[in-house]
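Have a look; sequence and predicted model below, questions after that.
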Amino acid sequence: QVQLVESGGGLVQAGGSLRLSCAASGRIFSNYIMGWFRQAPGKERQFVAAISRNGGATNYADPVKGRFIISRDNAKSTMYLQMNSLKPEDTAVYYCVAGTGGTWYARQSYDYWGQGTQVTVSS
């Protein structure tokens with residue numbers, strides 16, 4: 001089992017920044033592809049970004065490209081999502097995920113999910 005705990009969410013004005021963190025425990029962190037999904041009220045859960053095991057490759061959803069940066073520190077078993085130039089449409093619960101393979105943007109590629117952290121962007 002892998003336990004994932006997100007932190008760093010909150011309320012921010014449009015144009016502002018937040019950094020989310022995801023602390024992992026239970027298994028060898030570097031064995032897992034890591035990612036972020038988000039779910040806005042009344043909408044399906046959507047892929048945001050993912051990062052390879054050694055951090056050498058990343059993948060972003062089109063709405064966040066150029067604004068969000070995903071990174072990881074395997075020594076600390078922690079993943080990050082730096083969110084810049086935030087927009088009201090970024091408002092959602094953000095979930096940290098871990099998986100061992102599959103399509104980057106597919107929910108079924110990830111076996112472990114955190115509880116989520118709320119991000120609210122005011123206009």
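Now that the structure is in, tell me what you want to look at. Everything quoted here is computed from the prediction, not taken from an experiment.

quick one, what contacts the residue positioned nearest the centre of the chain?
By C-alpha atoms, centre = their mean, the chain has its centre lying nearest to residue 36, at 2.4 Å. Counting by C-beta atoms under 8 Å, 6 or more residues apart in numbering, residue 36 touches 20, 22, 48-50, 70, 81, 94-97. C-beta: built from backbone N, CA, C; applies to glycine.

ok, now residue 89?
Contacts of residue 89 (C-beta under 8 Å, 6+ apart): 40, 63, 121.

hmm, which of those residues are the buried ones?
residue 121 (16 or more other C-beta atoms under 10 Å).

and the contacts of residue 89 as a markdown table, adding secondary structure?
Listed next are the contacts of residue 89 as a markdown table, based on DSSP: H, G, I helix; E, B strand; the rest coil:
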| residue | secondary structure |
| --- | --- |
| 40 | coil |
| 63 | helix |
| 121 | strand |
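
now, among the contacts of residue 89, which is nearest to residue 54?
Of all those, residue 54 sits closest to residue 63, with 26.2 Å by C-beta to C-beta.

Dig out what the closest residue to residue 8 other than its chain neighbours forms beta bridges with.
In space, residue 8 comes closest to residue 20 once its chain neighbours are excluded; the distance is 4.2 Å by C-beta to C-beta, 6 or more residues apart in numbering. Beta bridges link residue 20 to residue 81, judged by DSSP bridges.

Quick check, residue 14 in contact with residue 84.
No. Using C-beta atoms under 8 Å, residue 14 makes no contact with residue 84, being 11.7 Å away.

I'd like to know how many residues surround the nearest residue to residue 70 once chain neighbours are set aside.
Using C-beta to C-beta, 6+ apart and skipping residues adjacent in sequence, the residue nearest residue 70 is residue 49, 4.1 Å away. Number of residues near residue 49 (other C-beta atoms under 10 Å) recorded here: 24.

Would you mind listing the residues in contact with residue 49?
Going by C-beta under 8 Å, 6+ apart, residue 49 touches 35-36, 58-61, 64, 68, 70, 81.

one more time with 10 Å, if that's ok
Contacts for residue 49 (C-beta atoms under 10 Å, 6 or more residues apart in numbering) come out as 34-38, 58-61, 64-65, 68-71, 79, 81, 83, 104-105.

All set, thanks.
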